[in-house]
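Asker: Fold the following.
(2 chains)
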Amino acid sequence: MSASNSSFNWRVMILALILPPLLLVALDLTLFGNVPSVAMPEINPRIANATLTAYTLCSLVLLGNLFFYGESRNRPLAPLVGMVAAVSLGVLATIFFIGQGSMLLENNGSVRAQAVYNVVHTLVSTGAIILAVLVAVGSTFSSITAQKNRSFFDDEQE
Amino acid sequence: MNITAQHWSMDPMLQAVILFWVPVAMLPLGVWISQSSKRQGQVKFGRVVSLVGILMVCASPWTVPSSPSTDAGHLLGSIIGPCMMMVIGMYLIAFSGNVPVGKLPQSDRRLGFLLAAAGFSWLAGMHWWILTPQLSPGVVNPYWYVFWPTFLLLTSCLASFSATALLLIGDERKTEASLMYGLSGVSLLMMLVGLNLDGPEMSSEEFRIHLGLATADLLGILLGCLLSILAFASVIFLYERSLPKPQTVAPPSNDELEFAASVIANHIGGEEE
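Answerer: Residues are numbered from 1 along each chain as shown, chains lettered A, B, ... in the order given. Presented below is the predicted three-dimensional model:
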């Protein structure tokens, strides 16, 4: 497969990934006449909160991964300190931005309540993401194994 | 699921930490222990820690009723059944087909279909029937509004991606791609109907709002994870760059070259018949 062909395939696959939401808006608009009313005052804080929380939680997971990395490197402290700093940055940024007033507070009265809500919300979303990935991968694998055996080589001519 | 509060003479904050957040932390900790250990005993210990964590999180609506976070535990208890049915069903379907190793009996295929369909119908019944996770009669678990739209939206997107990948990269995979487009279409249809028809406990307007928020969630999570991976890669790159260059080995001497040549000569050629 040539490089340009591979690049084209990836572009089409990424387009396929974002196609369903676009198709949903188009169908909803065409069939039912519903103009999508995106409430930016609700959407923006959600994106910001999800970004900050996902960054912090994912950094924590990667910090755990550094132990596996350290096994092959005489357990160095420098990357561990660096990653702890990255996690701390996420925690501090979350507290700082939530503390800036009502900008990132979604129906919660305090910074602590919003931070705890963010973590639980992200964990629930992560659960939904994991299940969706399992269903998609499982269905793909099931559809492949459901087909008859295929021979990959032509029979040798006698 | 009716929730009857258990009263403890403990500070509510401490109660939430011990009976909800510690069990939540036990889940990844158990996975980490079981994955990083080579001894069988430690692997089992890690699994037990995760299992106890899951059970305690599921029980948290009763043990810590004062904490709003335990609504997530209530949701976990409500959806764990259909989710497990779907996952086990998928496993049975996949491994009862044409697989070179670990093939299951053909009869497991029917059982797998039954389990996967029942699991999906159960989840759909939470939107369209009376099975909606409710904290008390008429009060829907707020995290159900987070879980369901996120799951439907991402399933549709991933199935569409998978179908296109099968068509473009796979060799003669049109049937498989059609099945995956079908799955994407079913999820899309469920979202479209949810946007326009009210369920018994979830109105179309609520679903519309939460579908928008689920999209925002997915974007935010993607962005956050990418930033985190970038930070991780930067930390590793900076550390590796700071390491001194490995010492170069001196070139082999004539004696060593002759020895190597004799060893090679002994291992090539073969005996003539």
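Asker: Output the contacting helices and strands for the top helix by length along chain A.
Answerer: For chain A, the helix that runs over the most residues, judged by DSSP state H, is helix A:111-145. Counting contacts by 3 or more CB pairs under 8 Å, 6 or more residues apart in numbering or on different chains; DSSP states H and E, helix A:111-145 packs against helix A:40-71, helix A:78-98, helix B:71-95, helix B:144-168, helix B:174-196, helix B:204-242. Just so you know, the C-beta spots here come from the backbone N, C-alpha and C atoms, and that holds for glycine as well.
Asker: same for the second one, what does it pack against?
Answerer: Of the remaining helices and strands, those touching helix A:78-98 by 3+ CB pairs under 8 Å, 6+ apart are helix A:40-71, helix A:111-145, helix B:204-242.
Asker: Quick one: residues contacting B:P105.
Answerer: B:S96 (CB atoms under 8 Å, 6 or more residues apart in numbering or on different chains).
Asker: how does it look with 10 Å?
Answerer: Contacts for B:P105 (CB atoms under 10 Å, 6 or more residues apart in numbering or on different chains) come out as B:92, B:95-96, B:111.
Asker: got it, and B:W122?
Answerer: Each residue near B:W122 by CB under 10 Å, 6+ apart is listed here: B:78-79, B:81-83, B:85-86, B:129, B:131.
Asker: that older thread, could I get the buried residue list for the longest helix of chain A?
Answerer: By neighbour count on 16 or more other CB atoms under 10 Å in any protein chain shown, the buried set for helix A:111-145 is A:111, A:114-129, A:131-132, A:134-136, A:138-145.
Asker: Same question for stretch B:218-237.
Answerer: Using 16+ other CB under 10 Å as the test for burial, stretch B:218-237 gives B:218, B:220-221, B:223-225, B:227-228, B:231-232, B:235-236.
Asker: For the host helix or strand of B:A16, C-alpha coordinates in CSV please.
Answerer: Here B:A16 sits within helix B:12-16, counting by DSSP states H and E. Only the C-alpha atoms of helix B:12-16 are listed here, as CSV (Å, rounded to 0.1, in the frame of the first residue of the first chain):
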residue,chain,number,x,y,z
PRO,B,12,-20.5,12.1,56.3
MET,B,13,-17.3,13.2,54.6
LEU,B,14,-15.2,10.5,56.2
GLN,B,15,-18.0,8.0,55.5
ALA,B,16,-17.9,8.9,51.8
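Asker: That one and chain A, are they touching?
Answerer: Yes - between helix B:12-16 and chain A, judged by CB under 10 Å from any CB of the partner chain, the touching residues are B:13, B:16.
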